[in-house]
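# Please work out how this folds:
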Amino acid sequence: MDNNSGIKPYVVGIDIGGQTTKMGIVDARGNVLAKNTVRTDTYDRVEPYLEDVKTGLTELIKEAGAEGLVRGIGVGAPNANYYTGEIANAVNISWSAKNGVTPFARLLSEKMDGMPVTITNDANAAAMGEMAYGAAKGMKDFIMITLGTGIGSGIVINGQMVYGHDGFAGELGHTCAVRGGRACNCGRNGCLETYCSAIGVARTAREWLETYPDEPTVLRGKIDITSKDVYEAAIGGDAFAKKIFDFTGRILGENIADFVAFSAPEAIVLFGGLARSGDLLRIPLEEAMNKNLLSIWKGKIKIVFSQLKESDAAILGASALAW
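Purely as a prediction, here's the structure:
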């Protein structure tokens, strides 16, 4: 944060999801002063969507008493490129999927009378938020892993986000966890995302119910099993559900051991719905990670959970880009 932050002490954070877009005004301490949402999924074209975003932001800035005091806008979005400011073919965002490459940062800046706009993908934004306000504050080397519907990741080395030459570095969810394993939506097989995301946990449950028809579990007979169902069963003492978390944690831990060999992080920060399972996931994860680490890192790598308030985390992450 430079000396200009005293002149303009606020930034805007915008998190673009497939259904809704969350926006907030944030101060330097990570307090969200005002927030609101607009729909993402009701638009086939970006122009009317941006008009709604502009209206929402104008209302927010007025509500926070921040007219003339906002120094910039940070945006987190799927398939967003930090270098180009573009969102490219984000399949879960209708106006992006239909229009291909959208120069989003430039278009939003124009709508907001030239206010600076910085954009990156949602997982990188989460990592920036943890570094600015959360569990990674003060750290210069860490890996953020978001365990949601899919798996996202952000890699920070020497205090800098790793973007790669094209802006898309850090797709750890699409590293191969099991050779020749489950089919992934990306077109490959065995991706970490297919085993250790929320959808991956539910997929394991469905597969195992067929593979082990005689094992008793409260999950048997449930329709459309979710990771939440598996979590609630495990917390309730269901041995079958606990084994699913052991399996998931083991695969994640083994793969994290490989990630450590790449960047030697101080910590792995876990965020997202699946991370809320706590020790059910952390204990088998740490055991597998330490078993598979090179000896120089054994017992040195911390597994920590996000400290950001979940309802504000996406806004905070995006806002960190604007400082």
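# Residue 280 looks like it's in a helix, true?
Yes - using DSSP: H, G, I helix; E, B strand; the rest coil, the assignment for residue 280 is a helix.
# so how far is residue 274 from the residue lying closest to it once chain neighbours are set aside?
Leaving aside its sequence neighbours, residue 280 sits nearest to residue 245 (Cβ to Cβ, 6 or more residues apart in numbering; 4.4 Å). The C-beta positions use only the backbone N, C-alpha and C, and glycine is treated the same way. When distance is defined by Cβ to Cβ, to the nearest Å, residue 245 is 10 Å away from residue 274.
# Next, show the common contact partners of these two.
Common contacts of residue 245 and residue 274 (Cβ atoms under 8 Å, 6 or more residues apart in numbering): 201, 281.
# still on that earlier bit, who touches the residue nearest to residue 280 in this structure?
For residue 245, the contact set (Cβ under 8 Å, 6+ apart) comprises 201, 230-231, 234, 277, 280-281, 284.
# Return the set of buried residues in stretch 305-323.
Buried residues in stretch 305-323, counted by 16 or more other Cβ atoms under 10 Å: 305-306, 308, 312-323.
# re earlier: pLDDT, secondary structure and neighbour count added to the contacts of residue 245, as TSV?
What follows is these, written out as TSV (pLDDT from 0 to 100; DSSP: H, G, I helix; E, B strand; the rest coil; neighbours: other Cβ atoms under 10 Å):
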residue	pLDDT	secondary structure	neighbour count
201	98	helix	26
230	98	helix	28
231	98	helix	22
234	98	helix	21
277	95	helix	22
280	97	helix	21
281	97	helix	26
284	98	helix	21
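# Nearest to residue 103 among those residues?
The closest of those to residue 103 turns out to be residue 201 (Cβ to Cβ; 37.0 Å).
# counting contacts, what elements does the helix or strand bottoming out on mean pLDDT in the chain pack onto?
For the chain, counting by mean pLDDT, DSSP states H and E, helix 94-99 ranks last in confidence among helices and strands (a mean of 86). With contacts defined as 3 or more Cβ pairs under 8 Å, 6 or more residues apart in numbering; DSSP states H and E, the packing partners of helix 94-99 are helix 46-63.
# rerun at 10 Å
Taking 3 or more Cβ pairs under 10 Å, 6 or more residues apart in numbering; DSSP states H and E as contact, the helices and strands that helix 94-99 lies on are helix 46-63, strand 87-88.
# For the helix or strand following that helix, the averaged confidence score.
Per DSSP states H and E, the first helix or strand lying C-terminal to helix 94-99 is strand 101-102. If you average the pLDDT over strand 101-102, you get 94.
# How about residues contacting strand 101-102?
Under the criterion Cβ atoms under 10 Å, 6 or more residues apart in numbering, residues 45-46, 49-50, 77, 79-81, 84-90, 93, 95-96 lie in contact with strand 101-102.
# Dump the helices and strands packed on helix 94-99 to JSON lines, plus mean pLDDT, mean neighbour count and distance to residue 39.
Output for these, formatted as JSON lines (pLDDT from 0 to 100; neighbours: other Cβ atoms under 10 Å; distance: least, Cβ to Cβ, whole Å):
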{"stretch": "helix 46-63", "mean pLDDT": "96", "mean neighbour count": "17", "distance to residue 39": "7"}
{"stretch": "strand 87-88", "mean pLDDT": "94", "mean neighbour count": "21", "distance to residue 39": "17"}
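# want to try TSV for those, with distance to residue 111 as columns?
Converted to TSV, the helices and strands packed on helix 94-99 look like this (distance: least, Cβ to Cβ, whole Å):
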stretch	distance to residue 111
helix 46-63	5
strand 87-88	15
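# Relative to residue 169, which of those is closest?
Across the helices and strands packed on helix 94-99, residue 169 has its closest neighbour in strand 87-88 (14.9 Å, Cβ to Cβ).
# That closest one - contacts with which helices or strands?
Applying 3+ Cβ pairs under 10 Å, 6+ apart, one finds that strand 87-88 contacts helix 94-99, strand 101-102, helix 104-111.
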